[in-house]
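**Student:** Here is a sequence together with a model predicted from it:
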Amino acid sequence: MDFFELINKRYSVRSYLPDEIESEKLQKILEAARLAPTACNLQAFRVVIAKTEGRREQLNRVYPRNWFSEAPYIIAVCAEKGKGWVRSDQKSFADVDAAIVMDHIILAATALGLGTCWIGAFDPKAAAEVLELDKDLEPIVLTPLGYPKGEQPPKRRKAVEDLVIYK
Ligand SMILES: Cc1cc2nc3c(=O)[nH]c(=O)nc-3n(C[C@H](O)[C@H](O)[C@H](O)COP(=O)(O)O)c2cc1C
């Protein structure tokens, strides 16, 4: 699959099979996270990967959708507080770094036939509690990770001319 097929194939999967994920696939996904670029190469992030089995009720507090804990794993990309690059105007790039890491994870998962869904609308306090995060970690984005159930819906996107400004 080339890159353009890959980005067309990725979609927000909101229904998962309970099937276990091969450990080689998990390792490839984590390697993709490791290779993500970060501002100043500070790599001030942690990828937390948690099994959903036995945690479904707790995970419902983090993001109350049944499909959230259907897959065998949840991944949280966390920023190491105060360790990321900060621009001269004080803008922190921690969220940008975390988003790139998550995108590597999500695209790697897609290439391996796995499904994911970006989740930003979770309860960060509940996530920190349920995933037993160290105090210096801020969860930025989450995704389930598992084999998709169902079909990919058509993409709904604005036209290129509505998104691009030529100067
Ligand atoms: C930063 C970010 C946060 C998102 N948060 C959520 C979320 O909390 N819940 C959800 O169901 N989808 C979430 N999404 C998925 C978007 O709704 C989805 O990507 C968009 O509708 C386009 O659909 P597609 O991913 O299937 O192409 C999020 C996506 C991004 C990029």
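**Tutor:** Sure thing, it's come through.
**Student:** The nearest residue to Val96 once chain neighbours are set aside: how many residues sit nearby?
**Tutor:** Distance criterion C-beta to C-beta, 6 or more residues apart in numbering; nearest residue to Val96, sequence neighbours excluded, is Ala39 at 6.8 Å. Heads up, the C-betas are built off the backbone N, CA and C, glycines and all. For Ala39, the neighbour count with other C-beta atoms under 10 Å is 17.
**Student:** Equivalent analysis for Lys83, please.
**Tutor:** By other C-beta under 10 Å, 13 other residues sit near Lys83.
**Student:** and it, what helix or strand is that in?
**Tutor:** For Lys83, there is no enclosing helix or strand under DSSP states H and E.
**Student:** that older thread, so what pLDDT did the residue nearest to Val96 get?
**Tutor:** At Ala39, the predicted lDDT confidence score is 98.
**Student:** what do you get for Met1?
**Tutor:** 88.
**Student:** how many neighbours does the closest residue to it other than its chain neighbours have?
**Tutor:** If the residues on either side of it in the chain are set aside, Met1 comes closest to Ala111, at 6.2 Å by C-beta to C-beta, 6+ apart. Ala111 has 18 neighbouring residues, counting by other C-beta under 10 Å.
**Student:** For Met102, see how far away Ala111 is.
**Tutor:** Counting by C-beta to C-beta, to the nearest Å, the gap from Ala111 to Met102 is 15 Å.
**Student:** How about the contacts made by the nearest residue to Pro37 once chain neighbours are set aside?
**Tutor:** Leaving aside its chain neighbours, Pro37 sits nearest to Ile100 (6.2 Å; criterion: C-beta to C-beta, 6+ apart). Contacts for Ile100 (C-beta atoms under 8 Å, 6 or more residues apart in numbering) come out as Ala36, Pro37, Thr38.
**Student:** what's the closest of those to the ligand?
**Tutor:** Within those, the smallest distance to the ligand is 15.3 Å, found for Ala36 (C-beta to the nearest ligand atom).
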